[in-house]
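**Student:** Here is a sequence with its predicted model. Questions after.
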Amino acid sequence: MTAISQTKVQERQAAAARRFNFGSAITWFFIGLLIFITIFPFYWVVRTALNDPTALFTHASELLPYNPTTINFERVLGLVDPAPLIAAGATNISPGTINFWVFLRNSFMFAGVITIGQTLFSSMAAYAFARFKFPFRDVIFFIYLTGLMIPGIVLFIPNYVFIRQIGWIGTFQGMVAPFILMTPFAVFFMRQFFLSLNKDLEEAALLDGSTHFGVFWRISLPLMRGPLMTLALLTFIGSWNEYLWPFLVGRDENLRVLTVALNIFKSQTPQGMPDWTGLMAGTVISIVPTIILFVFFGRRVVDSIQFSGFK
Amino acid sequence: MKRRSSLLVILVVALLLIVTSVSAQDAVTIRYQLWDGNQLPAYQQCADAFTAANPGITVQVEQLGWDDYWTGITTGFISGEAPDVFTNHLAKYPEFVALEQLVDIQPLVERDGVATDIYYPGLADLWTRDGARYGLPKDWDTIAVIYNVALLEAAGVDPAVMDTWTWNLEDGGEFQQVIAQLTIDSNGNNGLSPDFDPTNVAQYGFVPDGMGGAYGQTQWSPFAVSTGWTFNNGVWGDEYYYDDPRFIQTIQWWADLNLVHGFAPSFEEVSSLGASTMFQAGNIAMTMNGSWMIGSFLGSEFEVGFGRLPAGPEGRKSMFNGLADSIWVGTQHLEESWAWVKFLASLECQSIVGQSGVVFPAIPEAATMSLDMRAEAGVDVSAFVEQANEEGGTFLFPIADYAGEISTIMTEAMDAVSLGTARAEDVFPDANDEINDLF
Amino acid sequence: MAVTSVSSRSEAPPPPGFFSRLGNNQALLGILFILPSLIGFTVFFAAPAVRSVFISFQEWNLLTDAEYVGLENYQNILELSFNPLESAAQDSDDVLPDDFDELARVQVGGGGFVIGARDPRFYRSLGVTITYVLFNIPLQTVLALGIAILMEKAANSPLLRGIMILPWLMPNVIVAMLFIWLLDPTLGVINIFLQQTGVGQQGFFGSPDQAIASVAGVNIWRHMGYTAILIFAGLKTIPKSLYEASRVDGANGLVQFLRITLPLLRPVLVFVLVTSVIGSFQIFDTIAVATEGGPAGATRTIIYYIYEQVFERRINMGVATAASVVLFLILVSVTLIQIRTFQGNTSELADYS
């Protein structure tokens, strides 16, 4: 580069920096606003959970928990007996508790098994749709896509009847069966990423004599590590939050997942009202595992979505 | 010869079946569902007592909150996974009868000579149709006024007024006067004052429990029925009277408590967290609700009292609603289920429930226990019981077919009136036509 | 462009033989690769869906005997009737045929005509659904795109991404309950804030004019971070070298965004749009918890309508499946239009490679 063009570049950079300062103020304002909007409802969950359960409605507008206490967490986890609280006249205290470690194990098993199966099988299908030529490929893919458009409610009833016919109600396999082999979403997601993956690498490996499966397993999947882990994380959290199906299929306490367990804090009678402090404490308890998971993996996931095929 | 051998086979198989079924009886578990978590301990106690008396039968008591309860029951019918016995509601059971999902227990009642006249009058009959019977009564509920003791005192209102107060269509009677007196704007003027500012209310005198859809159980039904109006042409009616001027005027009066007078919060405000929550926030003087909510109101962060409904032109009227236990047709253990239903409907189990104080059991003696239990705790809930005991003090829940459709049609019409987007006289005649066209 | 080290680990050529031939038969491989998902799809999606289409021609509650009724279920939800009015104020009952109720009224001069439907609630629920989608999708997508770009350009921090996805970690039903609590006109902290700042009390879920927008707002809150992460994943696939090259050419941020970011993001954006539009048409949980279709039917979306047919009626499976078929056809059309419009099947990245 000549000296002249260097100064030009410097000038341009300086101008950009000046613009950036003004722009960055606005940018940071928006980021701050976004964070506030995102966080505030969570703060309110925590604030309600820490509030004195005997003084919730009379102190609804205070920003800090009124008479802060951990009793809601304790009673939800069954560490303290809620009976004295109920007798002392606290509002709508639910006598129920969460059998935390059992439900946590169930949630992990349920979401984990679904995640592994669904991510693997959906990626295989997605790869086939993106790379192989086989009869009716695009037709089958479009039919898969239409699976997204079928209202869940018409699928839910026949599937429940089917699971019952094969005797899987109240079993773990019955809980995971509809999700483990695929969802149209997962196939669609991975296919889009496989499509945007540069073919050169795979073609080179094929020329070197690799099989298609070898290419898929040793080249394409590792290159797709980012999207794959993203999908796995999304699937895990989606399954973690699944509600109606595990509620109806996994009736027993030893199959119950955390999301379903929160039911006992919802209103139990018509005209009734939820046990707000218990519900919010239960919510905190049930989402902490996914938050921890996201903190641990989320960073690696999102950071690893770098397009590895290029430098 | 051939016939004889096949006969023999049938005999042997039948014998085997009998033997196995007898031996299987040792370990029969029946599933029982209810929705109220507060009643779970009492019914678990009943189940234990039942198993003690019938060692061959265990009862698995399952509790699901109201929102999911009916979804679970319906899905259970379809898939064959419904509980053997479940707590049933008057608004739901006609549909289940139409779907042929409930066991007609009348033959069993007759066979075992079960007395159906030990309950509050009318309760057992609510569960019959054309000679068939679909449940035995377990409890009942009536409606009363719930008030904030401190706010009444501050406004100088003696709760004793509720023993005699009246209501009428023209000006809302003493009931509306009291509400007005208890409503205070931000300048400190109450609703009786000519300077009262309805747009700037600091304390409402009354919070209605919403618009109440097709039944208005805890809302307008005490008023509408006290004018002499009836829902329809009797139990299992097929003609509705939602176009009656008395009904229409009552509803408009109910909506106008907010829309015109400003004595009550708007229905927009009531619709999300609900009237009981707003009342519990402590700056509303009175509300109306059912006896199953007693425990919830006692959990308020201040002292509450329970008062009688106002007397309308035809007296004090409360809807008399009752729950019952029904047997699902798909049960594999009909006899055991029936034994459990009989036990649930007996004085023994209802006494256990009565002593818990959570609800009023269907048998009067057991209901008295509930009243006494509350009285011991220093709470007077006699307003509900007096209403039930009063001659002509109650009217029955309007059981009918097509409850779902009726509810949808009426809820939309009620919403429109309550929000002030339509007048009662404009929407209800049409809504009534739509309902009567269903039959 | 350079490739990663993966290819440098060159494989020893496998012996040519049966497995090799099998391994290179694309048709067979394709089928083997999709087989597990095909089984799952057939059993849990296709079979119940096909069965639903059959049920839509029946009157059936899944419990007693089914009765074939031909197109009656479709007629019941779809049939319209146009009737001229003599005067604008004429009662619609005078001109509409039996079984029809007024859906809309069009005034032309002194008269006009009234449109009747056998089931006006079905058409209104379609209208409500479309309103919801129009509130939900544009705002959510634009916000998510903005957040994704912010994440990549200005604040590429894992913490920010973690925070943005938080709402999505909370189960649907709980989110709906939380917002009932937050938005309540008298006790909700948001409304208390609005009153104190002079904006005034808002009805939100309880107001017929605001209910559907409130539901959309809640869902935008829950999904915008999630959508942003998906778009962010797509942004990461765009090679930095392209931006550097265009910067040397003097392109500013906007030009880069229009010339590089948007075209290269297309497959991901199409994915996000297609799936979120489909999801948006099927909004249910928030409504079931927060408004139950009210006030006055203002939030009765099409799925809620179907839900009512099953769980609040005598399990009207025929009507529910017929409505589902109609919704399905609408969604297929909308999706096809989206894919055609954006030609999402090909990525322009291929052109750069």
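**Tutor:** Noted; the coordinates are in hand. Numbers count the residues shown, from 1 in each chain, chains lettered A, B, ... in the order given.

**Student:** quick one: the strands in chain C?
**Tutor:** C:58-59, C:67-68, C:80-85, C:101-108, C:111-117 (DSSP state E).

**Student:** tell me the domain ranges of the chain?
**Tutor:** Chain wasn't specified; assuming chain A. Domain assignment for chain A by automatic domain parsing gives A:22-97, A:100-304.

**Student:** Let me rephrase: I mean chain B.
**Tutor:** Using automatic domain parsing, the domain ranges for chain B come out as B:28-141+B:322-376, B:143-320+B:393-436.

**Student:** mind checking the SS state of residue B:391?
**Tutor:** Three-state assignment for residue B:391 (DSSP: H, G, I helix; E, B strand; the rest coil): coil.

**Student:** Which part of the stretch 1-150 of chain C gets nearest to chain A, residue-wise?
**Tutor:** residue C:40 (2.5 Å; C-beta to the nearest C-beta). C-betas here are computed from N, CA, C, even on glycine.

**Student:** Pull up the residues of the stretch 101-250 of chain A that are close to chain B.
**Tutor:** Neighbours of chain B within the stretch 101-250 of chain A, by C-beta under 8 Å from any C-beta of the partner chain: A:157, A:160, A:161, A:164, A:169, A:244, A:247, A:248.

**Student:** so what's the residue of the stretch 51-200 of chain A found nearest chain C up against?
**Tutor:** Closest contact between the stretch 51-200 of chain A and chain C, by C-beta to the nearest C-beta, is at residue A:181 (2.5 Å). Residue A:181 makes contact with A:117, A:118, A:121, C:36, C:37, C:39, C:40, C:41, C:44, according to C-beta atoms under 8 Å, 6 or more residues apart in numbering or on different chains.

**Student:** Serialize the residues you listed to CSV and add fields for distance to residue B:146.
**Tutor:** Below are these laid out as CSV (distance: C-beta to C-beta, whole Å):
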residue, distance to residue B:146
A:117, 53
A:118, 51
A:121, 57
C:36, 59
C:37, 57
C:39, 58
C:40, 53
C:41, 55
C:44, 49
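
**Student:** Return a selection command, for use in PyMOL, containing the buried ones of those.
**Tutor:** Paste this into PyMOL to select the buried members of the contacts of residue A:181, with burial taken from 16 or more other C-beta atoms under 10 Å in any protein chain shown:
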select buried, (chain A and resi 117+118+121) or (chain C and resi 36+37+40+41+44)
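
**Student:** give me the element the closest residue to residue B:112 other than its chain neighbours is part of.
**Tutor:** Spatial nearest neighbour of residue B:112, excluding adjacent residues (C-beta to C-beta, 6 or more residues apart in numbering or on different chains): residue B:342 at 7.0 Å. Element membership for residue B:342 (DSSP states H and E) is helix B:334-344.

**Student:** Residue numbers of the stretch 51-200 of chain C in contact with chain B?
**Tutor:** Taking C-beta under 8 Å from any C-beta as the contact definition, the stretch 51-200 of chain C meets chain B at C:61-64, C:93, C:101, C:121, C:180-181, C:183-188.

**Student:** wait, which of those is closest to residue A:125?
**Tutor:** residue C:62 (31.9 Å; C-beta to C-beta).

**Student:** Next one: that closest one from residue C:314, what distance?
**Tutor:** 10 Å (C-beta to C-beta, to the nearest Å).

**Student:** likewise residue B:320?
**Tutor:** Noted for residue B:320: a distance of 26 Å to residue C:314, by C-beta to C-beta.

**Student:** Buried residues of stretch C:130-149, list them for me.
**Tutor:** So stretch C:130-149, judged by 16+ other C-beta under 10 Å, has buried residues C:131-133, C:135-137, C:140-141, C:143-145, C:147-149.

**Student:** which intervals of chain A have sub-threshold pLDDT?
**Tutor:** A:1-21, A:86-91, A:298-311 (pLDDT under 70).

**Student:** Wait, residue B:300 touches residue B:281, no?
**Tutor:** No: if you go by C-beta atoms under 8 Å, residue B:300 and residue B:281 don't touch, sitting 9.4 Å apart.

**Student:** that older thread, alpha carbons of the helix holding residue B:342, as CSV, please.
**Tutor:** Taking Å, rounded to 0.1, in the frame of the first residue of the first chain, the C-alpha atoms of helix B:334-344 are listed here in CSV:
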residue,chain,number,x,y,z
LEU,B,334,-68.1,-51.8,38.4
GLU,B,335,-69.0,-53.4,41.7
GLU,B,336,-66.0,-52.0,43.5
SER,B,337,-66.5,-48.6,42.0
TRP,B,338,-70.2,-48.7,43.1
ALA,B,339,-69.1,-49.7,46.6
TRP,B,340,-66.8,-46.7,46.7
VAL,B,341,-69.5,-44.3,45.4
LYS,B,342,-71.8,-45.6,48.0
PHE,B,343,-69.2,-45.0,50.7
LEU,B,344,-68.5,-41.5,49.4
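
**Student:** Now the residue in the stretch 251-353 of chain C that chain A sits nearest to: closest residue in space, sequence neighbours ignored.
**Tutor:** Residue of the stretch 251-353 of chain C nearest chain A, by C-beta to the nearest C-beta: residue C:331 (3.7 Å). The shortest distance from residue C:331 to any non-neighbouring residue, by C-beta to C-beta, 6+ apart, is to residue A:149 (3.7 Å).

**Student:** That neighbour contacts residue C:336, doesn't it?
**Tutor:** No: assessed by C-beta under 8 Å, residue A:149 is found out of contact with residue C:336, at 10.7 Å.

**Student:** So which of the two has more stuff around it?
**Tutor:** A direct count of neighbours by other C-beta atoms under 10 Å in any protein chain shown for residue A:149 and residue C:336 places residue A:149 higher, at 23 against 13.

**Student:** what sits against the more buried one?
**Tutor:** Residues near residue A:149 by C-beta under 8 Å, 6+ apart: C:278, C:327, C:328, C:331, C:332, C:335.

**Student:** Now the two most distant members of those.
**Tutor:** That would be C:327 and C:335, which, of the contacts of residue A:149, are the farthest apart (C-beta to C-beta) at 12.3 Å.

**Student:** how close does residue A:297 sit to residue B:41?
**Tutor:** Counting by C-beta to C-beta - residue A:297 and residue B:41 are separated by 42 Å.

**Student:** Same check on residue B:374?
**Tutor:** Using C-beta to C-beta, residue B:374 is found at 17 Å from residue B:41.

**Student:** same question, residue C:30
**Tutor:** 60 Å.

**Student:** So for the two, which residue has more residues nearby?
**Tutor:** The residue with more neighbours, out of residue C:30 and residue B:41, is residue C:30; 23 against 16, by other C-beta under 10 Å.

**Student:** these two touch, right, that one and residue A:126?
**Tutor:** No: between residue C:30 and residue A:126 there is no contact, the gap being 11.6 Å when judged by C-beta under 8 Å.

**Student:** Find the residue at the geometric middle of chain A.
**Tutor:** Chain A has residue A:237 as the residue nearest its centroid, 2.5 Å off, counting by C-alpha atoms, centre = their mean.
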